[in-house]
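> Quick one, structure for this:
(chains A and B)
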Number of protein chains: 2
Amino acid sequence: MPEDHRIILLAHGSSDKRWCDTFEQLAAPTVNSVPGSHIAYMELATPSLEQVVEQGVLEGVRSFTVVPLFLAAGRHLRKDVPAMIRSLEEIHGISIHLAPPIGENPQLGEAIRDVVTQGLAQ
Amino acid sequence: MPEDHRIILLAHGSSDKRWCDTFEQLAAPTVNSVPGSHIAYMELATPSLEQVVEQGVLEGVRSFTVVPLFLAAGRHLRKDVPAMIRSLEEIHGISIHLAPPIGENPQLGEAIRDVVTQGLAQ
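You can find the predicted model right below:
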């Protein structure tokens, strides 16, 4: 049965497997609790954003939200990723919404505070 | 009165003020609740790590923990930041502990899941 919508957690990517392992751990709670959510990499690792979108299209998904696993928006999120998304929308005739980087959400700052204060208490 | 220990939240830095604004918002809950905690930038923005350490030393602090506001460890955290820290330890005769990047803590993955599921519920 086709899903209506797919969440893609987008990480930067690296040729260093340890980098990707960390992002897969970061994505795991979402991937395990949000049906149809996937991790993808902008560059240097797989699955790429293109691959995850194409797989979704093959499965009948026409609408995607890309959630950047970035703390803040730099050149990649202001220019490169929007260009990749426009291209994928045109190629596949689909709709892709780019969410703000997760670091812009106040909950991340609160989680950081909790990590620091728990570290101090140890 | 000299503080025993100072927490430094280390962000990458950028010439783009919007980048730094996001990191200052991310650091705010910690800075507002952990006495003596400060944000510092690795490069391209101020205050630099060197400046925040020097200010602490002037105020009598001899021990610091650097908490990287990075989701994962790449070259910067594996090579550049440890080299900066060794240099500052030698110059000032102080002790600086480099904590893991905040993204390696499971609480960040849970916060990301919460952000995504709340976004879906809206």
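
> Can you show me the helices along chain A?
Using DSSP state H, the helices of chain A run over residues A:17-33, A:49-58, A:75, A:81-92, A:106-121.

> The first one: how far from the chain's middle?
In terms of CA atoms, centre = their mean, to the nearest Å, the gap separating the centre of helix A:17-33 from the centre of its chain is 10 Å.

> Equivalent analysis for stretch A:89-105, please.
Worked out by CA atoms, centre = their mean, stretch A:89-105 lies 9 Å from the chain centre.

> ok so, going back, just so I know, which of the helices of chain A lies nearest B:Asp16?
helix A:75 (8.5 Å; CB to CB). For every residue, glycine as well, the C-beta is placed using N, CA and C.

> need the contact list for A:Thr22.
The neighbours of A:Thr22, taking CB atoms under 8 Å, 6 or more residues apart in numbering or on different chains as the test, are B:Leu71, B:Ala72, B:Ala73, B:Pro101, B:Gly103, B:Glu104.

> so can I have JSON lines of the helices of chain A showing mean pLDDT?
Output for the helices of chain A, formatted as JSON lines (pLDDT from 0 to 100):
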{"stretch": "helix A:17-33", "mean pLDDT": "97"}
{"stretch": "helix A:49-58", "mean pLDDT": "97"}
{"stretch": "helix A:75", "mean pLDDT": "92"}
{"stretch": "helix A:81-92", "mean pLDDT": "98"}
{"stretch": "helix A:106-121", "mean pLDDT": "94"}
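
> in stretch A:52-69, what's buried?
A:Val52, A:Val53, A:Gly56, A:Val57, A:Val61, A:Arg62, A:Phe64, A:Thr65, A:Val66, A:Val67, A:Pro68, A:Leu69 (16 or more other CB atoms under 10 Å in any protein chain shown).

> Verify the stated contact: the last one with A:Pro100.
No. In this structure A:Leu69 lies outside contact range of A:Pro100 using CB atoms under 8 Å: 11.8 Å.

> residues contacting the closest residue to A:Leu69 other than its chain neighbours?
With CB to CB, 6 or more residues apart in numbering or on different chains as the criterion, A:Leu69 has its nearest non-adjacent residue at 4.5 Å, and that residue is A:Ala11. Neighbouring residues of A:Ala11 by CB under 8 Å, 6+ apart: A:Cys20, A:Phe23, A:Leu26, A:Ala27, A:Ile39, A:Ala40, A:Tyr41, A:Met42, A:Ala45, A:Leu69, A:Phe70, B:Leu71.

> All set, thanks.
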